[in-house]
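Q: Predicted model, plus sequence, below.
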Amino acid sequence: MPVIRMLRRVVGPMLLRPACGCSTSVLPVRFLGTSPRQVAADANYHSASFSETDHPRVLITGGLGQLGVGLANLLRKRFGKDNVILSDIRKPPDHVFHSGPFIYSDILDYKSLREIVVNNRITWLFHYSALLSAVGEANVSLARAVNITGLHNILDVAAEHSVRLFVPSTIGAFGPTSPRNPTPDVCIQRPRTIYGVSKVHAELMGEYYHYRYGLDFRCLRYPGIISADSQPGGGTTDYAVQIFHDAAKHGKFECNLDSSTRLPMMYISDCLRATLEVMEAPAESLSMRTYNISAMSFTPQELALEVLKHIPEFEITYNVDAVRQAIADSWPMNFDDSNARKDWGWRHDFDLPELVTTMLNFYGSNTRVARAN
Ligand SMILES: NC(=O)c1ccc[n+]([C@@H]2O[C@H](COP(=O)([O-])OP(=O)(O)OC[C@H]3O[C@@H](n4cnc5c(N)ncnc54)[C@H](O)[C@@H]3O)[C@@H](O)[C@H]2O)c1
Ligand SMILES: C[C@@H](O)[C@H](N)C(=O)O
């Protein structure tokens, strides 16, 4: 039989399999082989093994960055404090250490990851460890190790232990040849940063494990995330966090991106709620496993004008960082998230005016705001 016809007969049904979190492989295990870590052939690759009435047992990796502590707070309110374990390779500050379970976990250490998942009967894993776009360009080999090798460990441990896995992707998974305004879910993805390349790799590997091993993989492409009580970890969108601190404390801000650089952004509470919602969505509602999510899109100049409404003496100046600017110029300007809205009911709460009011209130600029009004 010609090779192409034979392949089509064998692989065809696998490619046509619906995008649900359903259980068995379409091909017999002896044909597919076992997982890359050679787990026994009768291993169970089904999705989350807790019953519907139980709470999931959650592990968050890289949890001490900009997003992890907020996610842990949200999940602990929903599932109980002791059901959510925060982990990182850094030492937690006191308030984090005393707010719920914390554990040291280096995602490059596969055996220790497996031990944590087994000993704590983990059923959901939120994989937040990463090097972001700007720090990734400054240390490519570390970014490659953490973002790619680390992801392989996470995929294997999740597949072997029937763990539902969330991995965030990013606007950075697109590049200069992608449509930028708007950027749909499925289009050309040729990013030019190690961060972006590793995130496209994560999207594709997660989907591959889903179709091949039945891994319940779920992924959202986040815009730049803006938070008040946690600091960004070295990305291109960091200016949109720092501006609020500097505006409230000093009345001025030096921006490292050009005034007209338009990027998709989102307030952290929308981002974390979206993450929980997609993890709770019934598998049959997910027509895809990787979704764009969107809230707002603005330039530094537009953000500064909104800040000026609260702080009339606010001044913005520009001192463009060439590396960050080149990255930003290759990223989407607007994100098309219509599939997330249609499939699992995504909707954002914060637009630019609410974002600015909330951020400035956090930094205690109420007196300036009051004076301006
Ligand atoms: N913050 C954003 O604007 C944004 C936007 C899009 C996507 N994301 C994604 O969301 C996730 C969380 O982002 P964040 O902003 O909190 O990142 P962050 O850079 O603030 O935090 C990442 C964490 O990973 C940890 N880490 C590094 N190496 C590790 C290792 N070997 N083992 C375990 N942990 C390790 C770091 O200590 C750090 O605490 C990342 O995957 C990021 O790509 C973030
Ligand atoms: C956009 C996102 O992935 C991150 N904040 C970065 O700028 O690298």
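A: Done, it's in. Ligands and ions are numbered 1, 2, ... in the order given.
Q: and the gap between Glu207 and Arg347?
A: Using Cβ to Cβ, to the nearest Å, Glu207 is found at 25 Å from Arg347. Quick note: C-beta positions are derived from backbone N, CA and C, even for glycine.
Q: ditto for Lys249
A: Computed with Cβ to Cβ, the distance linking Lys249 and Arg347 is 33 Å.
Q: More neighbours: Glu207 and Arg347, which one.
A: The neighbour count for Glu207 versus Arg347, taken as other Cβ atoms under 10 Å, is higher for Glu207 (17 against 13).
Q: ok, that one to Pro312 distance?
A: Taking Cβ to Cβ as the measure, Glu207 falls 50 Å from Pro312.
Q: Repeat that for Arg192.
A: The value you get for Arg192 to Pro312, if Cβ to Cβ is used, is 40 Å.
Q: quick one, which of the two is more surrounded?
A: Each of Arg192 and Pro312 has its neighbours counted (other Cβ under 10 Å); Arg192 has more, 16 against 11.
Q: these two touch, right, that one and Phe174?
A: No: using Cβ atoms under 8 Å, Arg192 is not in contact with Phe174; the gap is 10.1 Å.
Q: For Glu313, grab the count of nearby residues.
A: Neighbour tally, Glu313, other Cβ under 10 Å: 11.
Q: ugh, wrong one, I meant Glu354
A: If we define neighbours as other Cβ under 10 Å, then Glu354 has 13 of them.
Q: Tell me the confidence at the closest residue to ligand 1 within the stretch 101-250 of the chain?
A: Closest contact between the stretch 101-250 of the chain and ligand 1, by Cβ to the nearest ligand atom, is at Gly233 (2.2 Å). On the pLDDT scale, Gly233 is placed at 94.
Q: Give me the distance between it and ligand 2.
A: Going from Gly233 to ligand 2 by Cβ to the nearest ligand atom, to the nearest Å gives 8 Å.
Q: before we move on, what about Ile316?
A: From Ile316 to ligand 2 the distance is 19 Å (Cβ to the nearest ligand atom).
Q: That residue reaches Thr299, doesn't it?
A: No: the pair Ile316 and Thr299 fails to qualify as a contact (Cβ under 8 Å) at a distance of 11.1 Å.
Q: With neighbour numbers in mind, choose between those two.
A: Regarding Ile316 and Thr299, a neighbour count based on other Cβ under 10 Å identifies Ile316 as having more, with 20 against 16.
Q: doesn't that one fall inside a helix?
A: No: with DSSP: H, G, I helix; E, B strand; the rest coil as the criterion, Ile316 is assigned strand and is not in a helix.
Q: coming back round to it: spell out which residues are contacts of both of Ile316 and Thr299.
A: Residues touching both Ile316 and Thr299 (Cβ atoms under 8 Å, 6 or more residues apart in numbering): Ser259.
Q: quick one: low-confidence parts of the stretch 251-373 of the chain?
A: For the stretch 251-373 of the chain, the stretches with pLDDT under 70 are 365-373.
Q: Which parts of it are helices?
A: 268-280, 300-308, 322-329, 338-344, 352-362, 366-372 (DSSP state H, counting those that start in this stretch).
Q: wait, which of these is closest to Cys219?
A: Cys219 lies closest to helix 268-280 among these, at 8.4 Å (Cβ to Cβ).
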